[in-house]
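S.K.: Could you work out the structure for the sequence below:
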Amino acid sequence: MTSQQTIEASPARASVGRFPKQLLHVPATMALFATVVMCFANSYWLSAATSAVALSLSVAGLAILYGQLGLVSLCQFALVGVGGWVTLRVGHAFHPPFEVSLLAGGIIASVVGLAFGLPALRLRGLYLALVTLMLAGAFQIIISAWGFPDGGDGFLGRADGSGRAMLPRPGIAEGAVGYFLYVCLAATIALLIAQWHKLGRPGRAWALIRKGETVAIASGVNVLTYKAWAFALSGFLAGVAGALLAGNVGQLDGRAFGAFESLNLFALAIVGGVYNWYGALIAGLLLRAVPALLTDLGVDGYVTIGIFGVALFQALATAPSGVAGQIASLVTRLQFRFAKERAR
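M.R.: Residues are numbered from 1 along each chain as shown. Predicted structure coming up:
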């Protein structure tokens, strides 16, 4: 028993020791990405990159649900809309600092995400996917009828004609470059929070739940609490993404939040990779950069549906870990080869 406890304790200490190094990859990569975009992107691509980074947070939420727990949630883009709606409503009604509106959008989306996740307590697989897809469809109907707040009075905050207003950006990031850096900073903090959860105690509990709820319960894991935790965190990340999108253009269009967008988001999460944190950034870039490139070339944006379909098939057939997993494998092989050469 003593030797077994020692063996079990060693990996735990080793994993804690690896935390700082693994977490530092996030700000380093985001800083490099931001530098490259600022050096080479024009205003059109800068706006696309800003939206891509914001949407990467919603993909990070999907990565927690699917990558850690194996739960298929098809209402993530609806939660992005919830976060955007609350951010716009709070911003127009009370005119607080942008950060207050952003946190309000994230918190409310977290609560809604938790409510959307209630079926996960008894459903899994296809049944959970269908239920969450129907919830995304319900949000599409509601937001089509309500629209997004634009400075009006009343609960819905709708205005007509000249009364319509745009949500102001943060005072420290009013320009396009400044707001891009602001979004990158916010995304870095959010991705660090998500990665800390994966590497810490919640991540270990989620891994046990994915193996089997019986195994998790036998190990002392409160399945209900950690499932609810995952849905709340995923909703918070999606809500922050919606808030950042609202700040990027100052307004949101209800037609952009159809149920199909949640399907598209989930598909690109698989393509980007849900087992590595930077898979969320890759998926966000695919979601915004590919349509932007086709538009720039004068090609119909609906072509992306076919492109993403082929990419999803390729990922499921040959690379279940996605583009991020392939990059991680390549880096590991290069490191092994480099170490082997040095040993000679």
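
S.K.: For stretch 189-206, list every residue counted as buried.
M.R.: By 16 or more other CB atoms under 10 Å, the buried positions in stretch 189-206 come out as 190-195, 197-199, 202-206. C-beta here means a position set from N, CA and C on the backbone, and glycine is covered the same way.

S.K.: brain fart, stretch 221-241
M.R.: Buried-residue list, stretch 221-241, by 16+ other CB under 10 Å: 221, 226-241.

S.K.: Just the ones of the residues you listed in strands?
M.R.: For these, not one is inside strands, with DSSP state E as the criterion.

S.K.: Sketch out the strands for this protein, chain order is fine.
M.R.: Under DSSP E, the chain gives no strands.

S.K.: for it, which spans come out with low pLDDT?
M.R.: Scanning the chain with the threshold set as pLDDT under 70 gives 1-20, 120, 301.

S.K.: in it, which residue is closest to the centre?
M.R.: Geometric centre of the chain, nearest residue: residue 58, 2.2 Å, by CA atoms, centre = their mean.

S.K.: List the contacts of that residue.
M.R.: 76, 77, 79, 80, 237, 238, 241, 242, 265 (CB atoms under 8 Å, 6 or more residues apart in numbering).

S.K.: Please narrow the buried residues of stretch 189-206 to those residing in helices.
M.R.: In helices, judged by DSSP state H, the following of the buried residues of stretch 189-206 are found: 190-195, 197-199, 202-206.

S.K.: From residue 160, how far off is residue 56?
M.R.: Using CB to CB, to the nearest Å, one gets 35 Å for the distance from residue 56 to residue 160.

S.K.: picking up where we left off before, which member of the ones in helices among the buried residues of stretch 189-206 is positioned nearest residue 140?
M.R.: Nearest to residue 140 among those, counting by CB to CB, is residue 190 at 25.3 Å.

S.K.: For the closest one, give its distance to residue 30.
M.R.: Distance from residue 190 to residue 30, by CB to CB: 11 Å.

S.K.: Ok, residue 243 next?
M.R.: Taken as CB to CB, the span from residue 243 to residue 30 is 18 Å.

S.K.: Next: residue 163.
M.R.: From residue 163 to residue 30 the distance is 38 Å (CB to CB).

S.K.: Check residue 79 too.
M.R.: When residue 79 is compared with residue 30 (using CB to CB), they lie 23 Å apart.

S.K.: which residues touch the closest residue to residue 281 other than its chain neighbours?
M.R.: Using CB to CB, 6 or more residues apart in numbering and skipping the chain neighbours, the partner closest in space to residue 281 is residue 56 (4.7 Å). By CB under 8 Å, 6+ apart, the residues touching residue 56 are 187, 191, 241, 280, 281, 283, 284, 285.

S.K.: Counting neighbours, what do you get for residue 213?
M.R.: Other residues lying near residue 213 total 15 when counted by other CB atoms under 10 Å.

S.K.: Can you tell me how far the closest residue to it other than its chain neighbours is from residue 73?
M.R.: Leaving aside its sequence neighbours, residue 213 sits nearest to residue 223 (CB to CB, 6+ apart; 5.2 Å). Distance, residue 223 to residue 73, using CB to CB: 17 Å.

S.K.: List the contacts of residue 231.
M.R.: Residue 231 touches 65, 73, 113, 114, 116, 117, 120, counting by CB under 8 Å, 6+ apart.

S.K.: repeat for residue 27
M.R.: Per CB under 8 Å, 6+ apart, neighbours of residue 27: 188, 192.

S.K.: can you do 6 Å?
M.R.: residue 188 (CB atoms under 6 Å, 6 or more residues apart in numbering).

S.K.: buried sites along stretch 320-329?
M.R.: 321, 322, 323, 324, 325, 327, 328.

S.K.: residues touching the fifth one, list them.
M.R.: Under the criterion of CB under 6 Å, 6+ apart, the contact partners of residue 325 comprise 273, 275.

S.K.: Could you tell me which of the contacts of residue 58 are located in helices?
M.R.: Using DSSP H, the subset of the contacts of residue 58 located in helices is 76, 77, 79, 80, 237, 238, 241, 242, 265.

S.K.: hang on, the earlier thing: residue 163 and residue 30: which has the busier surroundings?
M.R.: Each of residue 163 and residue 30 has its neighbours counted (other CB under 10 Å); residue 30 has more, 21 against 11.
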